[in-house]
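Asker: got a predicted model here, sequence first, then my questions.
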Amino acid sequence: MNKVILLDKRPLGKPLLSDFKFDVEEVPVPGEGQLLLKTLYVSVDPYLRGRMNDNRSYIPPFQLTKPIQSGIIAEVVSSNRTDFKSGDFVSGILEWKEYQLSEGKGITRVDDIAGNLSKYLGILGMTGLTAYCGLTEIGVPKAGETIVVSGAAGAVGSVVGQIGKILGCRVVGITGTDEKVQLLKTKFKFDQAVNYKTEENLKDAIGNACPLGVDVYFDNVGGDISYAVLENLNKYARIPLCGTISLYNEVKPPSGPRIQPLLLVKSSLMRGFIISDFSDKFPQAIRQLMNWLNEGKLTFSETIVDGFDNIPQTFLDLFEGKNEGKMIVKI
């Protein structure tokens, strides 16, 4: 039989395990022009929380009692197509099912280089592309400038910081534990890192870590953390707005500091983006990321949890900061 995970209820605030439902169906049989795919790795990402709301956004919401979708690496079990064969590995936005059919649209063949397929969900997938394109196209960092990254020990943030170092910048990360502070400074080579949970005055702590001010702020979290960074901006600073995870589970939009005066007096640019905005840049971005990986200039971290049944809990763990780098479920 074939396990499936459905969205059973729309969350009110932080999602609960009871918002998900497991179902069982028969393993499908591919028809003409179809593939049978077996799920190997499932990506869980913060943006999926927004799709659980019945709101108009840049991507349609999940439907109740329908399977949830995310980035998945799958193996072709059987094929009735000429462009894919049995044993191929593919990547795409697919459903949370152990087995599913595909007509080949929206999936890409990937190579099992060094037995590390999961990297196509991270450093060579949406994670790496988001970091590279957001930083280089909006942040436009120059050698010698200071970059601050929030959510710095996460999947995107840890890559942003490394790219900043490769480009000759001073990089400061903001994270939530002392262990992650050390991880940023050792494994990912950040110049400095700040634990926002232990600092009494976050604005001053960021200022001390950035004695020349902040030229680029890669914002993954929003909220009070981001306001503390904005208070340290240099003139003509650039702010790629990638995510607002600190606000995703708010029932009502919180009232907070007004950022317009800070942006105005610093002549700063803030631009929100989704990765598909830069789809024309993907081939060049993947080549560059691959080159840096091969040259040993770029590394990545993954938190891999085993078992299809653990997908919902692993998704919830993102909001508790339990991931180091990319969070993935291995089936």
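Answerer: Done, it's in.
Asker: find out how far the helix or strand containing residue 148 is from the centre of the chain, if you would.
Answerer: In this assignment (DSSP states H and E), residue 148 forms part of strand 146-150. Relative to the chain's own centre, strand 146-150 is displaced by 17 Å; criterion: CA atoms, centre = their mean, to the nearest Å.
Asker: helices and strands around whichever helix or strand comes after it, which ones?
Answerer: Next helix or strand after strand 146-150 toward the C-terminus (DSSP H and E): helix 155-166. When contacts are defined as 3 or more CB pairs under 8 Å, 6 or more residues apart in numbering; DSSP states H and E, helix 155-166 sits against helix 126-133, strand 146-150, strand 170-175, strand 214-218. (C-beta placed from N, C-alpha, C; glycine too.)
Asker: mind giving me a markdown table with these and columns for distance to residue 116, mean neighbour count and mean pLDDT?
Answerer: Output for those, formatted as a markdown table (distance: least, CB to CB, whole Å; neighbours: other CB atoms under 10 Å; pLDDT from 0 to 100):
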| stretch | distance to residue 116 | mean neighbour count | mean pLDDT |
| --- | --- | --- | --- |
| helix 126-133 | 14 | 26 | 96 |
| strand 146-150 | 25 | 29 | 98 |
| strand 170-175 | 25 | 27 | 98 |
| strand 214-218 | 26 | 27 | 98 |
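Asker: which of the ones you listed sits closest to residue 88?
Answerer: Residue 88 sits nearest to helix 126-133 of all the helices and strands packed on helix 155-166, at 20.6 Å, using CB to CB.
Asker: contacts for the closest one?
Answerer: Residues outside helix 126-133 that contact it (CB atoms under 8 Å, 6 or more residues apart in numbering) are 43, 45, 71, 121-122, 155-157, 159-160, 163, 242, 273, 275, 277-278, 281-282, 285-286, 288-289, 300, 326.
Asker: coming back round to it: tabulate the helices and strands packed on helix 155-166 in JSON lines, adding columns for distance to residue 95.
Answerer: Formatted as JSON lines, these follow (distance: least, CB to CB, whole Å):
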{"stretch": "helix 126-133", "distance to residue 95": "17"}
{"stretch": "strand 146-150", "distance to residue 95": "31"}
{"stretch": "strand 170-175", "distance to residue 95": "33"}
{"stretch": "strand 214-218", "distance to residue 95": "31"}
